[in-house]
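# predicted structure and sequence below. I'll ask about it afterward.
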Protein chains: 2
Amino acid sequence: MTYKIENLPDEVTIYEVGPRDGLQNEKTVVPVEVKAEFVTRLGAAGLKVIETTSFVHPKWVPQLADAEELLKVVHRKDQVRYPVLVPNERGLDRALELGCTEIAIFGSATETFAQRNLNRSLKTQFDMFAPVVRRAGENGLRVRAYVSMCFGDPWEGPVPIGQVVDVGSRLLDLGCAELSLGDTIGVATAGHVGALLDAFPRERPLAVHFHDTYGQALANVVEALRHGITVIDASAGGIGGCPYAKSATGNLATEDLVWLLDGLGVRHGVDLPALAATSHWLAGQLGRPSPSAVVRALTKE
Amino acid sequence: MTYKIENLPDEVTIYEVGPRDGLQNEKTVVPVEVKAEFVTRLGAAGLKVIETTSFVHPKWVPQLADAEELLKVVHRKDQVRYPVLVPNERGLDRALELGCTEIAIFGSATETFAQRNLNRSLKTQFDMFAPVVRRAGENGLRVRAYVSMCFGDPWEGPVPIGQVVDVGSRLLDLGCAELSLGDTIGVATAGHVGALLDAFPRERPLAVHFHDTYGQALANVVEALRHGITVIDASAGGIGGCPYAKSATGNLATEDLVWLLDGLGVRHGVDLPALAATSHWLAGQLGRPSPSAVVRALTKE
């Protein structure tokens, strides 16, 4: 059953964050061979961008302490992109050594989260990112920038739209190819999404990253599609969240997004049964049911 | 944080189905005094319409076998409506005896579900409803009509829009005051919702009833609001589903709906903390966590 809504994009890119944003926020640490199989199965299911791991120090993200080992063993498909998260120049060095062709950096839209997550101020975070983006560019790497807390912040409350646009624009101006607007604590509703997207100049390369903490992610996606967004972040099986933020559970599940896109006739290239089977298998590895409604419905969890 | 979307209604009526549609589909049968407290707390939380119980034969819905007892003990607030579900004239008689002022009947948009749920054909179901609606009207009762399987049917697949419009229109023509379009198995996506609503004449008094089986309910609600719908069904805490339909889990949670409406600046009159506390309490009575994302986030379940 496909029923289109007028003026939506014909096709979108699903930016899969499960192996990185998902697994880094799961209590259960899975072995590197499980991670490698997870990434391989995501690629086989048709995902074209798979954020694979992170070079954030294992002290902060012990779940991904095996980043180098994973990148050595994982099988990379042609025509699939495998970005890795990089916090600083040292992370960039490791990514370059391991043959990565794409990285992601992560900024903050709020002062408190910048202090807590980056150990920088809202203003000085750019000093940390500038050399990373410059050197990445010199080495031919594509850089995506995340902005966290674009809608609400657990310490500061609602985040002014102008502040998000300012942070995001400065990251793009450094030379980033894409800006992912993150609703880290899941408080956004559809009107807020539209207002934020409208506040950016039309030509900016924006992506959206929603959490399902309050069940709003898919309603927000439809609004983003109505505003012409063609890159949507999601996490296979809905795994992960953010360990530094109160109530930050529930990345949007890739399967729930795919169900929506199929209904709307928006192309995405993903094989839903293969993806749901992958998430069902991973849930077994993590020792708990998948939080994705679609995975549970399709696999009778 | 309120960010409006243009041309949405300023205010909606939430039609609360938890005590009936919710509890009839829960495995745990709660005592009548718990049901009475549930209904009382829903009214205290600001809900203006609370479908309270059902006169379907206890052989089919044993969870609501105490309908008469509940209606005798429940405290009915002024300015709150307490409709009850009635399947036939015998149910209407019981509703009249117990002083009910509003009833709901339930039809089917598909042949198979009409046979299975009503023991009637798609065409002959109206013969059963006609005398109920007529006699209800003669006694001053308001009648709502549900239509099940308006988007997909587990046996027949996608349901033709014209067939839904035909069934719904015939129910309204019998004299029903409101028509609730039900996505009984949760397969609808936003474009389909818009297409179905567009297919009805503008002046028809429509309500929408979505399930979260595939996570689509709130995205569908936004689309319904864009089409001018002002009556939205929801179940406190997301309890219930439909026992006759495969995969029919997950009524839209009232709290998730309220969170959305608050974000959009659409008035609804419900006190969210009071409602979430009610659902948290009821989840304890049912012996399992609430399926509502908002209840879980607000009560740290």
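It's in. Because the structure is predicted, anything quoted here is derived from the model rather than measured.
# SS state for A:Val30?
coil (DSSP: H, G, I helix; E, B strand; the rest coil).
# tell me who's in contact with it.
The contact partners of A:Val30, by C-beta atoms under 8 Å, 6 or more residues apart in numbering or on different chains, come to A:23, A:38, A:282, A:285-286. Yep, even glycine has a C-beta here, placed from its N, CA and C like the rest.
# of these, which belong to strands?
Taking DSSP state E, every one of those sits outside strands.
# ok, and which of the residues you listed reach chain B?
Near chain B, taking C-beta under 8 Å from any C-beta of the partner chain as the test, no member of the contacts of A:Val30 is found.
# wait, which of these is closest to B:Phe126?
Lowest distance from B:Phe126 to these (C-beta to C-beta) belongs to A:Leu282, with 49.2 Å.
# list the contacts for the closest one?
Counted by C-beta under 8 Å, 6+ apart, A:Leu282 has contacts A:18, A:30, A:34, A:38, A:236-237, A:239, A:290.
# got the phi and psi for A:Arg135?
phi -70, psi -30 (degrees, to the nearest 10).
# so where's chain A shaky on pLDDT?
Within chain A, the ranges that satisfy pLDDT under 70 run A:241-249, A:301.
# what's the end-to-end length of stretch A:198-214?
23 Å (C-alpha to C-alpha, to the nearest Å).
# then stretch A:6-18?
31 Å.
# wait, what's in contact with the residue of the stretch 101-250 of chain A found nearest chain B?
Relative to chain B, the nearest point of the stretch 101-250 of chain A is A:Thr189 (2.6 Å; C-beta to the nearest C-beta). Residues near A:Thr189 by C-beta under 8 Å, 6+ apart: A:216, A:219-220, B:1, B:3, B:259-260, B:262-264.
# with distance to B:Phe113 as added columns, please give those in TSV.
Formatted as TSV, the entries for these read as follows, by distance: C-beta to C-beta, whole Å:
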residue	distance to B:Phe113
A:Gln216	31
A:Ala219	28
A:Asn220	33
B:Met1	41
B:Tyr3	39
B:Trp259	31
B:Leu260	29
B:Asp262	35
B:Gly263	35
B:Leu264	33
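# tell me the one of the residues you listed nearest A:Pro9?
Distances from A:Pro9 to the contacts of A:Thr189, taken by C-beta to C-beta, are shortest for A:Asn220, at 15.5 Å.
# helix or strand for the closest one, which one?
Per DSSP states H and E: A:Asn220 is located in helix A:217-226.
# same check, this time on A:Trp259
helix A:254-264.
# quick one: buried residues of stretch A:190-201?
A:190-197, A:200 (16 or more other C-beta atoms under 10 Å in any protein chain shown).
# turn the residues you listed into CSV, including secondary structure.
Output for those, formatted as CSV (three-state DSSP):
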residue, secondary structure
A:Ala190, helix
A:Gly191, helix
A:His192, helix
A:Val193, helix
A:Gly194, helix
A:Ala195, helix
A:Leu196, helix
A:Leu197, helix
A:Phe200, coil
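# go through the contacts of A:Leu282 and flag which are in helices.
A:34, A:38 (DSSP state H).
# in the contacts of A:Leu282, find the pair that's most separated.
Taking C-beta to C-beta, no two of those sit farther apart than A:Val34 and A:Ser290, at 15.3 Å.
# of the two, which one has the most company?
Neighbour count, other C-beta atoms under 10 Å in any protein chain shown: between A:Val34 and A:Ser290, A:Ser290 has more, with 25 against 16.
# any chance you could map the helices in chain A?
Under DSSP H, chain A gives helices at A:32-44, A:67-73, A:89-97, A:111-113, A:125-138, A:161-174, A:190-199, A:217-226, A:254-264, A:272-286, A:293-299.
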